[in-house]
Structure formats: C-alpha cells, structure tokens
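Enquirer: Mind folding the following:
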Amino acid sequence: MRMTPTALLILSLVAGSLSGCKPPTNDPNVLYSEDHENPLKQLETDKDIEHHQFDYQQAFYVPIYSDIYVDEDNPKVLLSATLSIRNTSLHDSLYITKIDYYNTKGDFVRSYLDKSIELPPMGTLNYIVEKLDDTGGSGANFVVNIDSPNAEFTPVIEAIMIGNYSNKGFSFKTDAVPISL
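Expert: Residues are numbered from 1 along each chain as shown. Prediction:
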C-alpha cells in the first residue's frame, strides 16, 4: 500500500502527539536523566531539617578541569565534567546543602542548589558541567557540603572529566578532599 505525502505527514503528526514526549532540551542533566528532569530539582526536600543537629557535617573541595593544555598548536582543549556524589549508607539519607562552583581565580561562579537535597540510601547524584561551559577554567572546583545523621558516614565524591583531541579520546577523575566548614 502506497501512502501519499499528505497521509505520511498526518500519520507522523499523530504519532508524535501520541508519544507524550517532552520538548527537547539542551541541558544534558535533563536530557540524560531517566525522567528527563533536573536531578537536583527531583531531590529537593521540603522537610524541616535541623542540620546543626546532624552527627556528620563536612565540606568537600572537588577539583574540576574545564580545559587542559595539549600543545602549542592547540593550547586549550575543552572538557565535560561530571560531579558524582554517592551515598554509601545502606540505611540513612544524606543531605547536600551546598554545591557551589568556583573558577581558576577562586571567584564564585554559581550555586547549583536553591534548597537542600536528600539523597536516599545507596543513591547517586550525577551532575554534568557541559564541555562548552568554560567559565571555570583549568582550575575550576566545587565546594560541596554534606550532612548526615550517621557519624560514621563516608560519602564518595568525585569528578570525571572527558574530552577528545584529534582522533584520540581521554578521561580522568579527581577525588574530593575534606575541607573546614
């Protein structure tokens, strides 16, 4: 059976409207999340939390590389970075109260949180800094504040950077370092 161009157009429009897809977005954090929503907004909590009463409170410095030097012909290669925060507790949620981004000079660039977020037991938050976002520079970093009711808590916080140069791809990771609050 042959379909006319008009029939094909109508069929495409009907199929598209029935699929219930959300409009495309350029934010990789929304585009690549399972629910196509901002993972930070999904984890926001409205609970009345007394953070000062938690047994565990720690700030972390997480180095990020927005770009790296390759050679004199291509001195700056841009990288994408993923900040990964993992709750290692089988029983307790952890609360992330700050994710702030700083540039190479140490200047505050932006805060990623409007509210505290709750990461459930064994949950992971991955947040992408897009390759074309070079506001941080080669010495960019995050400061992440974590609270937990469990004093024995040890989160895993790291950053993964990915880039390519010519026909070669590369990736590397950095680990968070505890700092004073």
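Enquirer: quick one, what contacts Y69?
Expert: If a contact means CB atoms under 8 Å, 6 or more residues apart in numbering, then Y69 has 75-77, 138 as its contacts. C-beta coordinates here come from the backbone N, C-alpha and C atoms, glycine included.
Enquirer: P28 too?
Expert: Taking CB under 8 Å, 6+ apart, we find P28 in contact with 80, 128, 130.
Enquirer: mind running it again at 7 Å?
Expert: Applying CB atoms under 7 Å, 6 or more residues apart in numbering, we find P28 in contact with 128, 130.
Enquirer: For stretch 119-131, which residues meet the burial criterion?
Expert: Neighbour-count burial for stretch 119-131, counted by 16 or more other CB atoms under 10 Å, picks out 119, 125, 127-129, 131.
Enquirer: Filter the contacts of Y69 down to the ones in strands?
Expert: Of those, the ones assigned to strands by DSSP state E are V77.
Enquirer: The residue nearest to V144 when sequence neighbours are not counted: which element?
Expert: Take V144 and drop its neighbours on the chain: the residue closest to it by CB to CB, 6 or more residues apart in numbering is F60, 4.7 Å away. When elements are assigned from DSSP states H and E, F60 belongs to strand 56-63.
Enquirer: Give me the contact list for that strand.
Expert: 83, 141-148, 150-151, 153, 157, 159, 174, 176-181.
Enquirer: In PyMOL, how would I select just the buried ones from those residues?
Expert: Command for PyMOL that selects the buried part of the contacts of strand 56-63, burial taken from 16+ other CB under 10 Å:
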select buried, resi 83+141+142+143+144+145+146+147+148+153+157+159+174+176
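Enquirer: Can you flag which of the contacts of strand 56-63 belong to helices?
Expert: Taking DSSP state H, every one of the contacts of strand 56-63 sits outside helices.
Enquirer: Please determine how far the residue nearest to V144 is located from Y95.
Expert: Separation of F60 from Y95 (CB to CB, to the nearest Å): 14 Å.
Enquirer: Between those two, which has more neighbouring residues?
Expert: Y95 (23 against 19; other CB atoms under 10 Å).
Enquirer: could you say which helix or strand contains the more buried one?
Expert: Going by DSSP H and E, Y95 is in strand 94-102.
Enquirer: so who does R110 touch?
Expert: Y101.
Enquirer: could you give the mean pLDDT of the helix or strand where it lies?
Expert: Per DSSP H and E, R110 falls inside strand 108-111. What strand 108-111 shows for mean pLDDT is 94.
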